[in-house]
Structure formats: C-alpha cells, structure tokens
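Chemist: Sharing a model prediction with you, sequence too.
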Amino acid sequence: MKSLALAGMSLAALLTGATALSAKTLVYCSEGSPENFTPALNTTGTSFDAARPIFNKLTEFERGSTKVVPALAESWTVSDDGKVFTFKLRKGVKFHSVPGFKPTRDFNANDVLFAFNRQGDDKHPYHKISGGKYDYYSDMDMPKNVKSIEKMDDYTVKMTLNEPNAPILANLAMDFMSIPSAEYAEQLQKAGKLEQFDQVPVGTGPFSFVAYQKDAVIRYKANPDFWGEKAKVDDLVYAITPDPTARYSKLKAGECHFMIAPRPADLAEMQKDQTLKVINQPGLNIAYWAFNVQKPPFDKKEVRQAFNMAIDKAAIIRDVYLGAGQAAVNLIPPTLWSYNTAVKGYAFDQAKAKELLEKAGVKTPLEIDLWYMPVQRPYNPNAKRIAEMMQADLAKVGVNAKLVTYEWGEYRKRAQQGEHMTAQLGWTGDNGDPDNFFFLRGCSGARAGGQNITKWCNKDYDERLIKARGLSNQEARAKLYEEMQVIENEEAPDLKIAHSVVYEAMRANVEGYKQSPFGSHQFNGVDVK
C-alpha cells in the first residue's frame, strides 16, 4: 500500500519524489503539534488545521471566503419562527478507511446525531473520552440554543432551537461541528478502544489520515471518493516546525511548499525571491492582553484603564509588527460590520496612568505576572518581545511585571482556569459574524475553563450579546454590538493590542491556494506544478 510505504519514508525522500509510485506530494510547514484529531475537543488553530483535511460539516465556508455554503447538508429549510432547521443530507458520501476499520455504509443522519450528542449529552458513551471538554460547543452557547436534534429519516435531520439564533448556520460551519463516523465509534466501543477515535480519525474529507509522529510529521493521502473539490496531489504532509526561521529555511530549500506565519522581518527578503510567492490580506483577528478581574487590583475598573494608558501600542506596532498591523480599539477588526468608529480607546499617557493608579489606592511598586504566549500567531508575531516592551513601560508607572509562559496547551488550560493576573491571548474569527468575537467577553465564557480569560461578566453587555443572537435584522444587531463596544471600552477588561495583516508564503510552483479570512489552511484544490 502507498500509505504504508510513505509511513516508513523520510521527509527528505518524500520531498525529492524518491518513491517508486512518483506520487505528487504537498508539504506544509506547520508550527505545532495537534492535541488530537477531534475538533470538538479543541480550541487552537494548530489542532483545527491538523483535522481539517479529514472532516466535513453540515455547512461550510466557501474556500477563501466567509460565505456559508451547503456541505454534508445539501439544503435546508427554516421555520417561520426561526427555531426549526430541517437539513436534507447529501447522499453517496463515503467515509475513509483506516487500519482495522472499513466502512460498510455511507454517511447518514446517525453521524450527524453523533456529532451533536457527543458534545451535548453527558450520558453519551464518548462524552467523557479524551478529557471530555467541549469548550467551543459551550462557549457558542449550543447547550442553551439546541433544544433537540432528531433523525427524521436516514437523510433528513431536524434541529430545534430554544430561541432564534442568527449565527447558527455559520456556527455549524465551524470546526467544532465536524462530523465523524458513528459506525467507526461503535466498532471501537465494542472493542473497548474508545480513545483511538480521537487519535486515528475517520471522516469524509478530501484527505484521509495515514500517520502521525508527535512533534515531527502528520501524513495524509488523497481521498479519491471525495464528494466535493478534490485533492490535486496524492499525498499531504505536515512538517511540524515551531521555529519561523527554520520554516523559512525549509521553504527556501524546497523542503516544504507552504509555511505558516513568516516573521515580519523576513518578508522583504521573501518578496524578492523569485522561487517564492508571498500573499497577504487584512486579518480577521485581534491580539489582546487580558486582565483577570477576579484578582485584585484588576477588580477595579480604574486600574484596568490605567494599564491601558501605560502601554505604548504605537511602539509595539512599529517594532514587532513592523507596520503589518494596526492598533486595536475594539474586539472586532474595522473590516467587520458593526464596528463602532465612535469608540476611541485609550491614549498612551503614563502620567495619567500613575494618577489613576494612585486614585484607585494602588501602592507602588505593584507586583504582577505578565503571561506571554509560547507560540507565534498571525495576530501576534512575537509575544515575548511584546511582553518585554510592556514590562519596560509598566516599570515607568511603578509596576514590576514578572514574565511567565508555559507550553501552549498548558498555557491555555491554566489561563482558562484563571490562574493568571494578566495574560496575552488573541483570536482569529471563525465564521465572519461579529458574535464570534463578542462571545469572548460573554458571561458564559467567564466560567472556569471558559475562553473569556478576563473572567469579566457584565450584565448590560451580556444581555445585548444574547439579544443580538435572536435577531435576524442585521441593522438591529449592529446597534446592539455598537453599544457593547462602548460598555467594554469603559470597563476595560483587556488592552487590545493589534489587528494584523496576515502573510503566507509558498513556493512559486504552488497553484490554487486561497487564503482564508479565518486564518485556516485548506489544501484540496491546491496543486504543485
């Protein structure tokens, strides 16, 4: 078998085409190892990218766009009250085979019910497997929104909501709603091997899983039975390369065809290289510094406002983003509808910051921690350098910041539990709806383990957040979102750092790649000439 031959080959052999089959291979220099291959369990782009070739959802985003299009659901109808969605499922969709499993049936309604019930039903046999945390499902308020999910027949599913929910079709297109094989799950359950389900994945996507070597390589092969836009290469390889300089070296040497997150400092050289192609677009993203409002003195609004005034954002944009970004004022980027241009944020004013701290009763020197991310992200090209610049600014207002970091999975877990006083984090939008940013400061996400790491919960903000989800009129929703931006600016649970321009680099012979507004990577339809 080709897959077994590939599994035993070195990366160098793959890249030089040293295979008897002369398979066409696309190599992606990714930046990290996935936690597993079940998107429902994860929250990071690294893990989503690793699972994306394998799975489909009911609805999906058109490649390179925010447009929601039919996928495993070929059509749907919505009741007059906006609460009942009836999905007609695509027929003839084949699942992948993996060692020990060969599907005996096509995709059907049972697989859709599995995707919902594993996350939403705590009695489901897979609910507690692999840690059993479904942060996206919870933070998108799916437990509150979804009243029931029913199989009407093998190719019809009815979803009933408790209240109308404007972003729901876009939410279903997000990675956490990827649909796996229920038949595979049942087979593993009978064999007592439930954990294998999340490590050796089976989906319906353009590529099937072959092998994974932690911190080194993930291998996939083209799915010849794929129902949609097919793979144009035989094999897809993720060469896991955390260091951006090493990724660039591999790209220049032809050891990978595509790389994530080039360093801003390397862009000028890359753009001059005729063997490479560099693309960019404004990022649907935000980098921020969160203040944990449950830990004094950040329980005081005036302190949080003072910290906003203490940091020279313009210097960070200039020295770290090298101009490939703009200072952020609101959670959403200015390219997204409902952006409130009347909100002006906080001017850099260290004298005023000192004055506010004094008024709030803060005794200096104040000791705090300042957590910085251990990974590079398009919205934050160098978290440690930003932390060092913040540390220097804070020292000038009598604040001693101790820099702290952890391995990425541990960092996120600890921050979501609220162990930090302050922590850097960020977000790249998943679905093109403002709700997908504003939920980051919602009360449901402020729980222990939730994605609102400020732990700020404001009744006025949250009421508007929930109300906006139930409205279909975009103008009415925009008005609520504009009001929320005013509330959040005044309360200052975070310092918003930047919205970045997202750059991606590839070999000049890569064709057909479409840059995603969500920062995701999709390789069906991509060719290596």
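Modeler: Arrived safely, thanks for sending. Numbers count the residues shown, from 1 in each chain.
Chemist: Which element, helix or strand, includes Ala239?
Modeler: Ala239 belongs to strand 235-240 when elements are defined using DSSP states H and E.
Chemist: Next secondary structure element downstream of that strand?
Modeler: helix 244-252.
Chemist: thinking again about what came up before, quick one: list the elements packing against the strand holding Ala239.
Modeler: helix 11-15, strand 25-30, strand 217-222 (3 or more CB pairs under 8 Å, 6 or more residues apart in numbering; DSSP states H and E). In this view, the C-beta of every residue, glycine as well, is placed from N, C-alpha and C.
Chemist: Let's see that with 6 Å instead.
Modeler: strand 25-30, strand 217-222 (3 or more CB pairs under 6 Å, 6 or more residues apart in numbering; DSSP states H and E).
Chemist: That strand versus strand 217-222: what angle between them?
Modeler: Going by axes from the mean of the first three to the mean of the last three CA atoms, to 10 degrees, strand 235-240 is angled at 160 degrees with respect to strand 217-222.
Chemist: and the angle from strand 235-240 to helix 244-252?
Modeler: Going by the same axes, to 10 degrees, strand 235-240 makes 150 degrees with helix 244-252.
Chemist: so Tyr126 makes contact with Asn117?
Modeler: No. When contacts are counted by CB atoms under 6 Å, Tyr126 is not listed as touching Asn117 (8.6 Å).
Chemist: Looking at these two, which has the bigger crowd around it?
Modeler: Higher neighbour count among Tyr126 and Asn117: Tyr126, with 23 against 17, using other CB atoms under 10 Å.
Chemist: Not counting residues beside it along the chain, what's closest to the more buried one?
Modeler: Sequence neighbours aside, Arg118 is the residue nearest to Tyr126 in space, at 4.7 Å (criterion: CB to CB, 6 or more residues apart in numbering).
Chemist: so what does the one helix or strand that neighbour maps to touch, helix or strand wise?
Modeler: Element membership of Arg118 [criterion: DSSP H and E] is helix 109-120. Helices and strands touching helix 109-120, by 3+ CB pairs under 6 Å, 6+ apart, are strand 146-153, helix 182-191.
Chemist: Give me the mean pLDDT for whatever helix or strand comes next after that helix.
Modeler: Where DSSP H and E defines the elements, the next helix or strand beyond helix 109-120 is helix 135-139. For helix 135-139, mean pLDDT is 90.
Chemist: any idea how far helix 135-139 is from the chain center?
Modeler: 12 Å (CA atoms, centre = their mean, to the nearest Å).
Chemist: Quick check: which of the helices and strands packed on helix 109-120 is buried the most?
Modeler: helix 182-191 (a mean of 18; mean count of other CB atoms under 10 Å).
Chemist: That helix to helix 109-120, inter-axis angle?
Modeler: 60 degrees.
Chemist: So which residues make contact with the helix or strand following helix 182-191?
Modeler: Under the assignment DSSP H and E, the closest C-terminal helix or strand after helix 182-191 is helix 196-199. Outside of helix 196-199, the residues within contact range by CB atoms under 6 Å, 6 or more residues apart in numbering are Asn36, Thr38, Ser130, Ala185, Leu188.
Chemist: Give me the pLDDT for the third one.
Modeler: Listed pLDDT for Ser130 reads 97.
Chemist: what's the distance between the residue lying closest to it once chain neighbours are set aside and Ser338?
Modeler: In this structure, Ser130 finds its nearest non-sequential neighbour in Asp198, 4.5 Å apart by CB to CB, 6+ apart. According to CB to CB, to the nearest Å, Asp198 and Ser338 sit 36 Å apart.
Chemist: give me every residue that touches the residue nearest to Asn162 when sequence neighbours are not counted.
Modeler: Distance criterion CB to CB, 6+ apart; nearest residue to Asn162, sequence neighbours excluded, is Lys147 at 4.8 Å. The contact partners of Lys147, by CB under 6 Å, 6+ apart, come to Thr160, Leu161, Asn162.
Chemist: How much space separates Lys147 from Asn292?
Modeler: 34 Å.
Chemist: repeat for Ala265
Modeler: Counting by CB to CB, the gap from Ala265 to Asn292 is 32 Å.
Chemist: Show me the shaky parts of the stretch 1-150 of the chain.
Modeler: 1-22 (pLDDT under 70).
Chemist: Could you do the chain as well?
Modeler: 1-22.
Chemist: Output the strand ranked longest in it as PDB, nothing but the C-alphas.
Modeler: Identified as the longest strand of the chain according to DSSP state E is strand 494-507. Only the C-alpha atoms of strand 494-507 are listed here, as PDB (Å, rounded to 0.1, in the frame of the first residue of the first chain):
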ATOM      1  CA  ASP A 494      -8.300  44.000  28.500                       C
ATOM      2  CA  LEU A 495      -5.800  46.000  26.500                       C
ATOM      3  CA  LYS A 496      -6.500  45.500  22.800                       C
ATOM      4  CA  ILE A 497      -3.100  45.300  21.100                       C
ATOM      5  CA  ALA A 498      -3.500  44.900  17.300                       C
ATOM      6  CA  HIS A 499      -5.300  43.600  14.300                       C
ATOM      7  CA  SER A 500      -2.600  42.300  11.900                       C
ATOM      8  CA  VAL A 501      -2.200  41.800   8.300                       C
ATOM      9  CA  VAL A 502      -1.800  38.000   7.600                       C
ATOM     10  CA  TYR A 503       1.100  37.000   5.400                       C
ATOM     11  CA  GLU A 504       1.600  33.500   4.000                       C
ATOM     12  CA  ALA A 505       4.500  32.200   1.900                       C
ATOM     13  CA  MET A 506       4.800  29.300  -0.600                       C
ATOM     14  CA  ARG A 507       6.900  28.000  -3.300                       C
END
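Chemist: what are the ranges of the strands in the stretch 351-500 of the chain?
Modeler: Remark: strands assigned in the stretch 351-500 of the chain by DSSP state E, counting those that start in this stretch are 366-371, 399-404, 422-428, 494-507.
Chemist: Figure out which of the ones you listed is closest to Thr44.
Modeler: Proximity to Thr44 (CB to CB) singles out strand 422-428 among those, at 10.5 Å.
Chemist: Please work out which residues outside that closest one touch it.
Modeler: Looking at what lies outside strand 422-428 - CB under 6 Å, 6+ apart - the contacts are 285-287, 289-291, 370-373, 377, 379-380, 383, 415, 453, 518-519.
Chemist: 7 Å instead, please
Modeler: With CB atoms under 7 Å, 6 or more residues apart in numbering as the test, strand 422-428 has contacts from 45, 283-292, 368-373, 377-380, 383, 386-387, 415, 437, 440, 453, 518-519.
Chemist: again with stretch 454-467
Modeler: Residues contacting stretch 454-467 (CB under 7 Å, 6+ apart): 290-294, 418, 438-439, 441-443, 446, 480, 483-484, 487-488, 491, 493-494.
Chemist: mind redoing it with 8 Å?
Modeler: Applying CB atoms under 8 Å, 6 or more residues apart in numbering, the external contacts of stretch 454-467 come out as 290-294, 418, 435, 438-439, 441-443, 446, 480-481, 483-484, 487-488, 491, 493-494.
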